[in-house]
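[1] Here's a sequence, model it:
(one chain, ligands or ions: 2)
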Amino acid sequence: MEEVKQTPQDIKPTNVVEEKKSRPSWDDYFLGLLEPLSKRGSCDRGSQSAIIVSPGHTIIATGYAGSPPGMPHCDEAGHMMNTVIHEDGTQSQHCVRTIHGEENAILQCAKDGVKIEGGTMYMRMSPCYNCAMRIIRVGIKRVVSQKKYHAGQKSIDMLEKCGVKVDIIDDSIMQYAKQ
Ligand SMILES: [Zn+2]
Ligand SMILES: [Zn+2]
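    Ligands and ions are numbered 1, 2, ... in the order given. Below you'll find the model as predicted:
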């Protein structure tokens, strides 16, 4: 057996430096929670999830896509699809059975009487127009999204127009069937 000699310098300071290097930023920390949260969702179209965080980096609420309590869920009853024809003639398809992750997080705060104003919302894909209106209305000041929603450019434009900072981490569109 070969003995490896380690001085205290070899052991402690090196470990401390490595720990500091691997510590995620606040953004990375919250973004990393989105995927596990999305697994509670009952509509797998994009598997959206959202986290509302206070200016002091405290998680206020989380949300994922789900039907109102008492109504059937997409993963048991199938999606409830609507086709939207836009003014420019293009079409997009949407499941309207669920309350979206962003709205569910906001509604959780309404239900519990928790203040959201000034907070940041993290999400897997940028919000739809309805959710974006609600994000603005409740005073969220920053949106951080991993990817873009296929019909979400109008939402991003509106958020920015209304003074909400939008950070998209990966500038590609979240892909799933029937968009
Ligand atoms: Zn669905
Ligand atoms: Zn939405």
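[2] what about the helix or strand where Val143 lies and ligand 2, any contact?
    Using DSSP states H and E, Val143 sits within strand 142-147. No. Figure legend: strand 142-147 not in contact with ligand 2 (CB under 5 Å from the ion); closest approach 11.9 Å. C-betas here are computed from N, CA, C, even on glycine.
[3] Residues of the chain that sit close to ligand 2?
    Within the chain, the positions adjacent to ligand 2 are His100, Cys128, Cys131 by CB under 5 Å from the ion.
[4] Just the ones of those in helices?
    Cys131 (DSSP state H).
[5] Please produce JSON lines containing the residues of the chain next to ligand 2, extended by neighbour count, pLDDT and distance to Tyr149.
    JSON lines is the format used below for the residues of the chain next to ligand 2 (neighbours: other CB atoms under 10 Å; pLDDT from 0 to 100; distance: CB to CB, whole Å):
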{"residue": "His100", "neighbour count": "26", "pLDDT": "97", "distance to Tyr149": "10"}
{"residue": "Cys128", "neighbour count": "20", "pLDDT": "95", "distance to Tyr149": "6"}
{"residue": "Cys131", "neighbour count": "27", "pLDDT": "97", "distance to Tyr149": "9"}
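[6] now the strand holding Val143, how far from the chain's geometric center?
    Relative to its parent chain, strand 142-147 has a centroid offset of 7 Å by CA atoms, centre = their mean, to the nearest Å.
[7] what's that strand in contact with?
    Contacts to strand 142-147, defined as CB atoms under 8 Å, 6 or more residues apart in numbering, come from residues 27, 30-31, 34, 119-127, 135, 159, 164-170, 172-174.
[8] give me that answer again for 7 Å
    With contacts defined as CB atoms under 7 Å, 6 or more residues apart in numbering, strand 142-147 is touched by 27, 31, 34, 120-126, 135, 159, 164-170, 172-174.
[9] Ok, stretch 88-98 next?
    42-43, 45, 65-67, 74, 79-85, 150-151, 178-179.
[10] Buried among the residues you listed? Need that as a selection in ChimeraX.
    Burial among these is assessed by 16 or more other CB atoms under 10 Å; the matching ChimeraX selection reads:
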select :42,43,45,65,66,67,74,79,150,151
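[11] The contacts of stretch 88-98 also near ligand 1: which ones?
    When contact is defined as CB under 5 Å from the ion, the contacts of stretch 88-98 meet ligand 1 at Cys43, Cys74, His79.
[12] Which helix or strand contains the first one?
    In the assignment (DSSP H and E), Cys43 maps to no helix and no strand.
[13] That'll do, ta.
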